[in-house]
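Student: sequence-free structure coming up:
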């Protein structure tokens, strides 16, 4: 019987931890990047990839789609391919994107990748 208060406290603590985790996760919305870029020199981009990919993966990078677009309606005056990326949250994306390490890595893509646009939109 003396262990009953400890068991109850442990159970309440675990339940409270689960509730707090759920509330935190509900507040974290994923962020999606839409990238319009064209590779000029695939081989020359390898040093950029070696530095940038691990940084992005640490921020939760998930490639959701990449390739030629199919224009369903309207006009499109950009490169004919897009990449759709998902990150864990806006905070995670910003921590990665504005980090000194990624700013250094971005320099490695100069002249090897033409970027028309990179836009971010928060998920629902």
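Tutor: The structure has been received and is ready for your questions. Everything numeric here is computed off the predicted structure, so don't read it as measured data.
Student: Would you enumerate the residues in contact with the residue positioned nearest the centre of the chain?
Tutor: Central residue of the chain (C-alpha atoms, centre = their mean): residue 87, 2.1 Å from the mean position. Residues in contact with residue 87 (C-beta atoms under 8 Å, 6 or more residues apart in numbering) are 30-33, 56, 59-62, 93, 96. (C-beta placed from N, C-alpha, C; glycine too.)
Student: Once you drop chain neighbours, what's closest to it?
Tutor: Counting by C-beta to C-beta, 6 or more residues apart in numbering, residue 93 is the residue found nearest to residue 87 once chain neighbours are left out, at 4.2 Å.
Student: did I read that right, that neighbour in a helix?
Tutor: Yes. With DSSP: H, G, I helix; E, B strand; the rest coil as the criterion, residue 93 is located in a helix.
Student: Thought residue 29 was touching it, still the case?
Tutor: No. Residue 93 is beyond contact range of residue 29, at 10.9 Å (criterion: C-beta atoms under 8 Å).
Student: So for these two, which residue has more residues nearby?
Tutor: Per other C-beta atoms under 10 Å, whichever of residue 93 and residue 29 has more neighbours is residue 93, with 23 against 12.
Student: dump the residue contacts of the more buried one.
Tutor: Contacts of residue 93 (C-beta under 8 Å, 6+ apart): 31, 33, 59, 87, 120.
Student: swap in residue 29?
Tutor: 89-90, 122-124.
Student: 6 Å - rerun?
Tutor: 122-123 (C-beta atoms under 6 Å, 6 or more residues apart in numbering).
Student: Could you say which helix or strand holds it?
Tutor: Of the helices and strands defined by DSSP states H and E, none includes residue 29.
Student: What distance do you get for it to residue 123?
Tutor: Per C-beta to C-beta, to the nearest Å, residue 29 is found 5 Å from residue 123.
Student: ok, now residue 38?
Tutor: 26 Å.
Student: circling back: now the contacts of residue 93 in TSV, with pLDDT and distance to residue 103?
Tutor: Converted to TSV, the contacts of residue 93 look like this (pLDDT from 0 to 100; distance: C-beta to C-beta, whole Å):
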residue	pLDDT	distance to residue 103
31	95	19
33	96	16
59	91	14
87	95	17
120	96	17
